[in-house]
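Peer 1: Structure for the following, please:
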Amino acid sequence: MPGGRLTLEEREFIAAGLANGLGYTEIGRHLERPASTISREVIRNGGPGRYRADRAHRATVLRARRSKTPQPASAPADFDIDDDALREFAARFAELLVFDGMPRMQALVLTSLHLTDSGSLTAAELVHRLGVSPASISTAVCALEQRDLIRRERDSPRRDRYCIDDRTWYRTTLNLARASEAKVEAARRGAEILGPATPAWDLRPFTADSDFLVAVFSR
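Peer 2: Here you go, the predicted structure:
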C-alpha cells in the first residue's frame, strides 16, 4: 500500500516502466508513491539500466532481516546491491552538487540521505558512513537545515534524525535561483560603483560578467 514497503508487483511495474522509458515521476504517480521513493529504489538496486524487480525485492527482504539482528557499532557500512557501482554513483552525484556550489561535506551528507530507503539518518550513522568527525557532520547538517534542504526530527530523547522528502529538489532549485538573483543584484551594484570612466571598467574583468548576468536574468 502507498506509504509502506514496495511490493514485488510494484517493483515489477517499476522495471516495466523503466524499460518503456517512463520517468520516476510518472512511475510514482501510477503507484501513488513519491518520485523520490522510486528514484532511491532504482539507484539502490543497480540504476535504471540494471534494475531487476526480483533481485531488488530479495535484497529488501534481506535488509529487513538484517535490521532485526543487532549489529556492533563498529560494523562496516555497506551497500547490498552492486556496491562499487553505487559508490561510484554517490561520488559522481556529490561532485555534481559541489560543481553547483554546494560545500563538499554538505553534498556528501545530502547524497547519503538520498541513497537510504527511509531518506533519513542520524548524526552517528552519517559519521560512520562518511568516515568523518561528528563536528564536520554537525556543521554540514546545520547549513543544510538553514537552506531548508533537510529537516530535523527527534528520534529519541537524546538523538536527532536528519531527513529529506519529495520536495527537496524543489527547494534546492529555488535556493539556487535566489542565489543567482543575489549575484545579479551584486553585479549591478558593482557596475554602478565602477562606472564606464574608471580603469577597472576598461579592463572589464568584473563588469563583463555583470553585463552577462544582468542580460540573462533580466529576461
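
Peer 1: in this protein, which spans are helices?
Peer 2: 8-19, 24-31, 35-44, 53-67, 83-99, 104-114, 123-130, 134-146, 168-194, 199-203, 207-217 (DSSP state H).

Peer 1: Just to check, residue 85 is in contact with residue 47?
Peer 2: Yes - between residue 85 and residue 47 there is a contact under Cβ atoms under 8 Å: 6.8 Å. For the C-beta atoms, the positions are set from N, CA and C on the backbone; glycine is no exception.

Peer 1: How is this structure partitioned into domains?
Peer 2: Following the assignment in automatic domain parsing, the chain carries domains at 1-70, 71-166, 168-217.

Peer 1: pretty sure residue 12 contacts residue 53?
Peer 2: Yes - between residue 12 and residue 53 a contact is recorded at 4.4 Å, counting by Cβ under 8 Å.

Peer 1: Neighbour count: those two, which is higher?
Peer 2: Using other Cβ atoms under 10 Å as the criterion, residue 12 and residue 53 rank with residue 53 on top: 20 against 15.

Peer 1: Which residues are in contact with the more buried one?
Peer 2: 8, 11-12, 14-15 (Cβ atoms under 8 Å, 6 or more residues apart in numbering).

Peer 1: Report the separation between residue 88 and residue 187.
Peer 2: Distance, residue 88 to residue 187, by Cβ to Cβ, to the nearest Å: 37 Å.
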